[in-house]
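1. sequence first, then the predicted structure:
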Amino acid sequence: MEFPIWMALAGMGVLGAGAVAFARNVVHCAFGLLFALISVSAMYAMLGADFLAVTQVIVYVGGILVLVVFGVMMTHKVEASSLRTELVQPFAATLAALMVFGLSILTVVNEAWPLLAEPNPAEPTTEAIGRSFLTDFLYPFEFASVLLLIAMIGAAMLTREKPDGGGIVIGPEDPAPGDERGDA
Amino acid sequence: MDVGLSHYLTLSAVFLALGVFTILSRRNAIVILMGVELVLNAAALNFVAFGKYVATGIAGQMMAIFVIVIAAAEAAVALAIILSVFRNFNTVQVDRVDRLRN
């Protein structure tokens, strides 16, 4: 019974990832990414990582994906034509992707993984994760919080409307012709 | 048929290959960012799978949590850069952003 469910969830994820890779419309790519991320979350649940599955949904689906869709909406004109995106160098990219895939599969098949006799049982992990954060993983935990603070400040700095107070300017100072930027 | 470690590793390899393909073949910076997210998810999935079938303890899941943290920070900064580029170049096609100054 486990295997058909796993196959269905994995198939959803692969289809979603395929949409990210091949869909012409950026919004379709975003929806494909949604299904791929939900599939990964389901995989976490099947691996017994309950806290991680919920975190995946909250952070990725609730946060990052909304951010990405915001990005799509803010950087594309409303006409459908400009939402399209085409593939460049498809042969080189296919070759590289196939090589990466082949190498991974060869490793999976050939490597003798030191498997546990009995896989770790699926039990609630939230308490163990909380303990680890404040004991074994205290330094990474603090570092991650500082990193998130830096990322937040950096994102605010980079997207400031008028960069004359020390903000970072990317690209030419003068707005290109037809630029929507409203500052005179 | 039981689901084992190799199933998860194979799925992760598919995600990784599609992510690499997306990064290499797209011109839209936002879609490239989606490809990066796919690659990061593939790596995190591997960590959790090894944490169940190979290693004891919680370290694999901790690693996946930190991958999610890095991905969140990366997405925020990358989208800020993309928005900034869009304001100045009026495009998010990475091959059209080729000027260092006017």
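-> Thanks, I have it. Numbering: from 1, shown residues only, chains lettered A, B, ... in the order given.
2. could you pull out the helices for the chain?
-> All of this is about chain A. Remark: helices assigned in chain A by DSSP state H are A:2-22, A:26-46, A:50-55, A:65-75, A:90-110, A:126-134, A:138-158.
3. sorry, I should have been clearer: chain B.
-> B:5-25, B:29-53, B:59-89.
4. now the second one: average pLDDT?
-> Along helix B:29-53, the predicted local confidence has a mean pLDDT of 93.
5. same thing with stretch B:70-83?
-> Averaged over stretch B:70-83, pLDDT sits at 91.
6. got a list of contacts for it?
-> A:59-60, A:63-64, A:67-68, A:70-71, A:74-75, A:144, A:147-148, A:150-152, A:154-159, A:170, B:29-30, B:33, B:36-37, B:40-41, B:92 (CB atoms under 8 Å, 6 or more residues apart in numbering or on different chains). In short, each C-beta sits where N, CA and C put it, glycine included.
7. neighbours around residue 43, how many?
-> In the absence of a named chain, this looks at chain A. By the criterion of other CB atoms under 10 Å in any protein chain shown, A:Met43 has 27 neighbours.
8. chain B, not that one
-> By other CB under 10 Å, neighbour count at B:Ala43 equals 17.
9. how much space separates it from A:Val72?
-> Noted for B:Ala43: a distance of 25 Å to A:Val72, by CB to CB, to the nearest Å.
10. again, but for B:Ile82
-> 10 Å.
11. quickly list what's touching both of these two.
-> Common neighbours of B:Ile82 and A:Val72 (CB under 8 Å, 6+ apart) are B:Ile30.
12. ok, the two, which is more surrounded?
-> The neighbour comparison of B:Ile82 against A:Val72 (other CB under 10 Å) goes to B:Ile82, with 26 against 22.
13. please name the nearest non-neighbouring residue to that one.
-> Spatially, and ignoring its direct neighbours in sequence, B:Ile82 is nearest to B:Ala29 (4.9 Å; CB to CB, 6 or more residues apart in numbering or on different chains).
14. quick check: that neighbour touching B:Val92?
-> Yes: with contact defined as CB atoms under 8 Å, B:Ala29 counts as touching B:Val92 (4.6 Å).
15. more neighbours: which of the two?
-> Set B:Ala29 next to B:Val92 and count neighbours by other CB under 10 Å: B:Val92 wins out with 26 against 21.
16. local confidence estimate at that one?
-> Value listed for B:Val92 in the pLDDT field: 83.
17. same check, this time on B:Arg96
-> 82.
18. stretch A:5-15 near chain B anywhere?
-> Yes: Stretch A:5-15 comes into contact with chain B (CB under 8 Å from any CB of the partner chain), by way of A:6, A:10, A:13-14.
19. can you tell me how far A:Phe143 is from A:Phe137?
-> Separation of A:Phe143 from A:Phe137 (CB to CB): 10 Å.
20. comparing those two, which shows the higher neighbour count?
-> Set A:Phe143 next to A:Phe137 and count neighbours by other CB under 10 Å: A:Phe137 wins out with 20 against 13.
21. which other helices and strands does the helix or strand of chain A with the lowest mean pLDDT contact?
-> Every helix and strand in chain A was compared by mean pLDDT, DSSP states H and E; the lowest is helix A:65-75, with a mean of 84. With contacts taken as 3 or more CB pairs under 8 Å, 6 or more residues apart in numbering or on different chains; DSSP states H and E, helix A:65-75 sits against helix A:26-46, helix B:29-53, helix B:59-89.
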